[in-house]
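Sequence and predicted structure below; questions after.
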Amino acid sequence: MKFTYNWIKDYVDIRLPPEKLAEKLTMAGLEVISLESKEGDCIFEVEITSNRPDWLNILGIAREIAAITGAKLKIKDERPGMQSKSTQALKTEVEDKKDCPLYTARIIRDIKVGLSPDWLRKRLESIGCRSVNNVVDITNYFLFETGEPLHAFDWDKISPDKIIVRRGKAGEKLTTIDGALRSIDCNTLVIADSLKPLALAGIMGGKESEVTYNTKNILLEAAVFNPILIRRTRQAHSIQSESSYRFERGVDLEAVKMASQKAGMLITELCKGRQHCFKSVGLKKAQKRDVILNTLNVEKVLGISIKGSETKEILSGLGFKLKIGKRGLLKVGIPSFRQDVCLEEDLIEEVARIFGYEHIPVSLPKILPPITIRDNRSLVSNIKNILVGLGLNEAITYSLDGSKTLQDFNPGIVAIELLNPLSREQEALRTTLIPGLTHAVANNLNQKQDCIALFEISHVFLKKDSSPYEELKLGIALTGAKRMFFNNAAIKDELGLLNLKGIAEEIFKRLKVQGYEFINQGQGGRAGIYINKEKTGYMEMLGQELLDKFGIKNKNVFMLEISLDKLISYARTEKKYVSLPKYPVITRDISFILQEKNSVKEVIVALKEKGWPLLRSIKVVDYYKGKQIPEGCRGLTIECNYGSNERTLTEEEVYSVHSRICLELKEKFDAVMR
Amino acid sequence: MDIEIILSQIEEEAKNIKSLEGIEQFRLKYLGRKGIVAQLTSTIPSLSCQERASFGQKVNSLKNKLAVLIEDKQKGIAGNKEDAQVSYCDIGMPGIAQEIGHLHPITQITEEVCSIFSRIGFSIVEGPEIESEYNNFTGLNIPLEHPSREAFDTFYLKDYPKMLLRSHTSPVQVRAMKAHKPPLAIIVPGKVYRPDAVDASHSFMFHQVEGFIVDKGIKFSDLKGVLELFAKTVFGDGIKMRFRPHFFPFTEPSAEVDISCIICKGKGCSVCGQKGWLEILGAGMIHPNVFKHVGIDSKRYTGFAFGMGIERIAMLKYGINDIRLFFENDVRFLKQF
């Protein structure tokens, strides 16, 4: 909302320069977001919180300034009697008082519609309101000055027998001032005559009854409408006006007649009309309310002792009516424009605001031993650090994606969709982290980054019977990673998936997860990850079809996704020391050629069994394919480590078990020694 | 063998040694297991008592002399070797090490914020991203059809009535206060969602950290103290802070918290919009209606709550000017943190 320094000065004696005033207002909760000097005036733009509709007008701001600065308020408490007599000539009818607690109409005759005088036009334009004609400008002027929206109808365009405030009827239509044809239903509140709707109540007038240069007689409306109804209609028709903005937040019932009166007087003055009649239907006064304030609670909540006299001074300065109740409690009468004040805490905030938050001291609470809540946070944090240690960068991608994209990556899984998505690309909650990571990979490839190693730990969202279900997942994306990670340059051709496997194993080892397995699936471009036979994740090389959709060319992209919720349930956090070997370990290498039909894992398992108990571990130290190796085979070098906990092994003992191992390789796996 | 003769020989012999291998041979010849000194020692038992003492002394002095000679020679040769065949390392060449990755800046700031509050005694609690309308709004004293909802436009779910993607981390207040009795001191990091079209300063997904305390005698001044401690830890002791009255449905009194602009130090610049202040937090005393919803007696307990946007803190702290950078995951961006 905008206001000008000079306009405010009409109502309060300001002694402060604009900059100082802006600072004071900001620190009282009326945040000044811009300040602009213009033609001898200064324009303030303030951000007004939704609880303070009383600040959406000049008088309200003047009242606040008087309270903050102690300056004198120049608002006369004008509730003058009617200058025009209420006659039977005008019939007004309100269908439901809940929809419209107060409706007033004033008929002004024989006016001359024309341009507004300079002072009026300038004032409106300075706060960003376009000048239309003197009548419309006057209604706008008092909307901004009093906060009470006014509307003028061309009286001669209305069937004169009665004005009705009612709900719309199915099939009714109205062209509003902005030229839009609007369908009306029973959730819409309209102003109507006996024949047709004339205006969307509290939001916008109709084109037909608009005041034009030819208008001679007007009906000036001032009313209070139900905020929720205004809000629904405004949303349904997606229009917003200065008027609906105020009705939605609540206007001061006791300011309605004053606004109508002031506008009526200025119209007779500037448009040469004469007041004909005035009609008011509904509540005359807002309901009286008191809130009890125990001044001792001010200190209890704020942490500073404020004198009772100062508290009272602040509250009465803001327009609250104070009475002393029992046991020193203050009975605070709430003015009609402060519908937001309902509780003692609201009054304490008023005191704090004017006293100044900056004058409240700083203290530290005594925090008792924290509640102990078991969660996965520290394990997740561990996993992130392991991954970073392995050279991966953490990504955070959007939780929303297109349903189609999610289907492509996760066939057969139906994603939860949004009722009100921003776009098709963000219409559903992701069921997998892989599409997001693929986006990230594609972005990086476009930036000519050729080594991409990313991970993300986030929730995916799944449908589960009656309620949605969130699962924490880890996703990893690798591409072009040939020269990073493991320094074993010999491992070349099966790079991607084995890198993913290595990363997963590192996590398993660090988290002491037992019983994990990687099992090839399909053509070998995909493998399942199992823990204790339970499927917890998978890894794969993305198919060309998917890559094409992301514009990824000539790159192999490897992805892993694993359920962290499941993985963490198998994690062991306790650690136990195992004594270091006392006796030396003796190492023997074997190089051999193995057919591809035999898996390396299968070989190692068999050899370990054969070599038990002296064979402590087997390590694959070289792995190759190439010219020297026959088709359908690969060359392997393994390192066998022999040792005992009881003694140093003799040459003969090692020889005997190692020979058994070599024999097993030859006999069971047809391996050819090299 | 005459020890005197040996003594006169060894110095001469040592002079001619030119290599480490030579020293080793020399050592083996005299001090080895079957070396001359060992042979001499082995003759001791056959000597008479009178002879033993003086012979033993001579053998010992021979042994000591040999040890000194060998050590000197080793030092000499090793030293020479270094001079002669030092391999030159151009230290201007790139260093060699395994490259490690980077945590996302959002994770780093979240951890920093959480650890500051953990140190004061807050527990970290997380909550689901899919929430009920009740926890997200009603329980927090945000009426459904009220302009105060405006600031919290929300994504609703199809097929699940009254379920939504939380628009702030505050629903965890409701959850935690229902699950645990006061005293409570809790910090809640997490993702939140609002249907804002994406631009340099808006994102439909972002991160918040929420914190709250409930106990007897918690005051607004405590809120000021805790947040000042926090802001000075994150942004440095030099910053100034101010609390401005504001409105949030779930706190009363409410405040917005600014820090003096970290770019211009409060003089006014483009980052702070010439104001000299940067808004970083919303806060206040927990509203009695929130307590009523979770069954805490607001006559006995008071509390404060605050919330901040992690992207906002990260952007200010690191000088990032576009929120989209956080979600594009450009490796060149990630590697800067």
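Thanks, I have it.

Tell me if A:Ile638 really is in a strand.
Yes: the assignment for A:Ile638 by DSSP: H, G, I helix; E, B strand; the rest coil puts it in a strand.

Would you confirm that B:Leu316 contacts B:Trp277?
No: counting by Cβ atoms under 8 Å, B:Leu316 sits too far from B:Trp277 to count as a contact (11.7 Å). For glycine as for every other residue, the C-beta is placed from the backbone atoms N, C-alpha and C.

Give the closest residue to the residue in the stretch 51-200 of chain B that chain A sits nearest to in space, chain neighbours not counted.
The nearest approach of the stretch 51-200 of chain B to chain A comes at B:Gly121, 3.5 Å away (Cβ to the nearest Cβ). The spatial neighbour of B:Gly121 that comes closest, neighbours along the chain excluded (Cβ to Cβ, 6 or more residues apart in numbering or on different chains), is A:Ile367 at 3.5 Å.

B:Gly217 - nearest residue in space that isn't next to it in sequence?
Nearest residue to B:Gly217 in three dimensions, chain neighbours excluded: B:Thr302, at 7.0 Å (Cβ to Cβ, 6+ apart).

Where does pLDDT dip in chain A?
Within chain A, the segments meeting pLDDT under 70 span A:76-89, A:369-374, A:481-495, A:524.

got it, and the stretch 1-150 of chain B?
B:1, B:78-86, B:150.

Now do the strands in it.
Chain-ordered strands for the stretch 1-150 of chain B, with DSSP state E, counting those that start in this stretch as the definition, fall at B:123-124, B:130-132.

of all these, which lies closest to A:Glu36?
Nearest to A:Glu36, of all these, is strand B:130-132, at 41.7 Å by Cβ to Cβ.

That closest one: partners in the sheet, and parallel or antiparallel?
Note on strand B:130-132: by DSSP bridges, its sheet partners are strand B:163-165 (antiparallel).

quick one, what contacts the nearest residue to A:Pro421 once chain neighbours are set aside?
Computed as Cβ to Cβ, 6+ apart, the closest residue to A:Pro421 that is not its neighbour in sequence is A:Glu427, at 4.0 Å. By Cβ atoms under 8 Å, 6 or more residues apart in numbering or on different chains, A:Glu427 lies in contact with A:400, A:402-403, A:417-418, A:421.

Name the member of those with the most neighbours.
A:Leu400 (25 neighbours; other Cβ atoms under 10 Å in any protein chain shown).

Quick check: it touching A:Ser423?
No: between A:Leu400 and A:Ser423 there is no contact under Cβ under 8 Å: 9.2 Å.

since we're on B:Ile96, how many residues are nearby?
Using other Cβ under 10 Å, the number of residues around B:Ile96 comes to 5.

I meant B:Ile310, not that one.
Neighbours of B:Ile310 under the rule other Cβ under 10 Å: 24.

repeat for the one 10 residues further on
A count of neighbours around B:Ile320, defined by other Cβ under 10 Å, yields 16.

Give me the nearest residue to it, chain neighbours excluded.
Excluding its sequence neighbours, the residue lying closest to B:Ile320 (Cβ to Cβ, 6+ apart) is B:Ala314, at 6.4 Å.

Against A:Asn420, how distant is that neighbour?
Using Cβ to Cβ, to the nearest Å, B:Ala314 is found at 28 Å from A:Asn420.

Name the residue most distant from the centre of chain B?
Residue farthest from the centre of chain B, counting by Cα atoms, centre = their mean, is B:Ser48 at 75.3 Å.

Now for the residue nearest to B:Gly217: which residues touch it?
Here B:Thr302 is in contact with A:300-301, B:214-219, B:285-286 (Cβ under 8 Å, 6+ apart).
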